[in-house]
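Participant: okay, predicted coordinates and the sequence, questions at the end:
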Amino acid sequence: MNNTLLTVINLNKAFFMNQQPLDFFRSRKKNTIKVIDNISFDLHHGEILVVAGESGSGKTTLARIIIKALNADSGKIIFDNRDITNLKGKDLFRIRSKMQMIFQDPYSSLDPRMKVFDIIKEPLQVHNKGLKKNEIKQAIYSALSKVNLEPLDEISNKYPHMLSGGQRQRVSFARSLVLKPKLIIADEPVSMLDVSVRLQILSLMKKLKEIDNISFLYITHDLSTSRYVGDNIIVLYKGQIIEYGNLQDVITNPLHPYTKALIAAIPKLRQSEYSKIAVKNEFDQSTTYQGCKFLHKCIYAIDKCEHEAPNLTIDDKNHKVRCFNYKS
Ligand SMILES: Nc1ncnc2c1ncn2[C@@H]1O[C@H](COP(=O)(O)OP(=O)(O)OP(=O)(O)O)[C@@H](O)[C@H]1O
Ligand SMILES: [Mg+2]
C-alpha cells in the first residue's frame, strides 16, 4: 500500500523585488528573488513533518503553494495519489476540504461576530451541502469533543472574545476537523499562545495524528517543543531544504552548520559538542548565488563552496544534508 499522502517535486517560486523604491516608477527595472528553491519531499499518512527555518526562509510561501493559495513557477504537487498542480474550479474545491490550514493568530483567524457553533458550521455548509440539521449539530459537537472543548452547549454559544487564546486555537482545529481532512498545515499555531498552553495544543496534534491518522505539516521556529510531536523535519534556509531527517536524529546529530547553530541556540537542547557552534555575523543581500547560499554565514566554508552549489545528499539511511563539508 502506498503510504504517501503528499509528494512535492522540484517546487520553485520567485517573487519580484524592486531594487529601489523609485525604480518601479522610473524604469520598472525589477529583480527576482527565489523564495522556494527546488523543494522536494514526501509526507506520509499520519506523519507530523516539522518545517523549521528563520524568518523569510519561505515556510509560509511553501504552505500557500501546497494549499494552492499561490501558484508555483514550476514543480509538481501530488496529493492523495492525484496531481493537483494545475487543478482548478470544482476539482480544486473538492480537494480543499481534504487539506486545511491553521494560522498563527487565533485572535484574527476567527470571525468575532460569529458564535463558535456557526464558525464550525460554516465550512460544513460550504462543502457538505445537504446535511440535515441534526447531522450538522452532531458533526460540530464531535469536532468540539475531539479538540477537548467542553461543555459542548456552553462552548457552542460563545463568541471568540469570550475564549482564551488556547481555546480559540482549538476552535480553529475543530473548524478544520469537521471536513475530515487528511492533511492539516499548521503555520506557527502556538507561537502566539502562552507557554503553558503550547504543549497542550501540540499534544492535540499528536492525538489527531494517532487517532484519525491525519498528517501535519507543522511550521515552527521552535525546535525545542517540536521534538515532542514531530516525526521528521525539514530545515529551510533561503528557500532550500538544507537538512532533512528523523526529528530526533536531526536534533541529536545535526549535520548542516546552520542546523547545528539553530540547535546550539536552544539552551534546553544544547549539547556540549554543539555549544560553541556559531555562524558569522554577516549580512547577505544577494539574490543570485553561484555557490552555497549559506557561504557568508559559514565558519566551515571551503573554496568549493564559493563556486559550486551543494546538492542535498543522503548521509545516512534517511538523513539528508546540503553541505560539502558537513563532517568537519
Ligand atoms: N507576495 C509576496 N510578494 C513578494 N515577496 C514575498 C511575498 N510573499 C512572501 N514574500 C517574500 O518571500 C520570502 C519568504 O517569505 P515567507 O513568508 O514564506 O517566510 P517565512 O519563512 O514564513 O517567514 P516567517 O517566519 O517570518 O513567517 C520573504 O523574503 C518575503 O518577504
Ligand atoms: Mg511565515
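Facilitator: That came through, no problem. Computed from a predicted model, the values in this text were never measured in an experiment. Residues are numbered from 1 along each chain as shown. Ligands and ions are numbered 1, 2, ... in the order given.

Participant: residue ranges in the stretch 201-328 of the chain under the pLDDT threshold?
Facilitator: The stretch 201-328 of the chain contains residues with pLDDT under 70 at 268-278, 328.

Participant: again, 90 this time
Facilitator: 221-228, 261-290, 315-318, 326-328 (pLDDT under 90).

Participant: need the helices for it, in chain order.
Facilitator: 223-226, 247-252, 257-264, 303-307 (DSSP state H, counting those that start in this stretch).

Participant: most packed of the ones you listed?
Facilitator: helix 257-264 (a mean of 23; mean count of other Cβ atoms under 10 Å). C-beta: built from backbone N, CA, C; applies to glycine.

Participant: please name every helix or strand in contact with that helix.
Facilitator: strand 232-237, strand 240-246 (3 or more Cβ pairs under 8 Å, 6 or more residues apart in numbering; DSSP states H and E).

Participant: please redo it, this time with the cut-off set to 7 Å
Facilitator: strand 232-237 (3 or more Cβ pairs under 7 Å, 6 or more residues apart in numbering; DSSP states H and E).

Participant: show me where the stretch 51-200 of the chain dips below the pLDDT cut-off.
Facilitator: For the stretch 51-200 of the chain, the stretches with pLDDT under 90 are 105-109, 128-131, 194-196.

Participant: ranges for the strands of it?
Facilitator: 74-79, 82-83, 99-102, 183-187 (DSSP state E, counting those that start in this stretch).

Participant: burial check on residue 288, number of neighbours?
Facilitator: 8 (other Cβ atoms under 10 Å).

Participant: next one: residue 178
Facilitator: 23.

Participant: quick check: it touching residue 122?
Facilitator: No. Counting by Cβ atoms under 7 Å, residue 178 sits too far from residue 122 to count as a contact (9.3 Å).

Participant: with distance to residue 140 added, can I get the helices of the stretch 201-328 of the chain in JSON lines?
Facilitator: Compiled in JSON lines, these are given as follows (distance: least, Cβ to Cβ, whole Å):
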{"stretch": "helix 223-226", "distance to residue 140": "29"}
{"stretch": "helix 247-252", "distance to residue 140": "34"}
{"stretch": "helix 257-264", "distance to residue 140": "40"}
{"stretch": "helix 303-307", "distance to residue 140": "55"}
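
Participant: dump those helices to TSV, plus distance to ligand 2.
Facilitator: Formatted as TSV, the helices of the stretch 201-328 of the chain follow (distance: least, Cβ to the ion, whole Å):
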stretch	distance to ligand 2
helix 223-226	15
helix 247-252	20
helix 257-264	16
helix 303-307	28
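
Participant: of the ones you listed, which approaches residue 236 most closely?
Facilitator: Residue 236 lies closest to helix 257-264 among these, at 9.6 Å (Cβ to Cβ).

Participant: the closest one versus strand 232-237: what angle between them?
Facilitator: Between helix 257-264 and strand 232-237, the angle comes out at 110 degrees (axes from the mean of the first three to the mean of the last three Cα atoms, to 10 degrees).

Participant: got the helices of the stretch 201-328 of the chain as JSON lines, with distance to ligand 1 columns?
Facilitator: Below are these laid out as JSON lines (distance: least, Cβ to the nearest ligand atom, whole Å):
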{"stretch": "helix 223-226", "distance to ligand 1": "13"}
{"stretch": "helix 247-252", "distance to ligand 1": "18"}
{"stretch": "helix 257-264", "distance to ligand 1": "13"}
{"stretch": "helix 303-307", "distance to ligand 1": "23"}
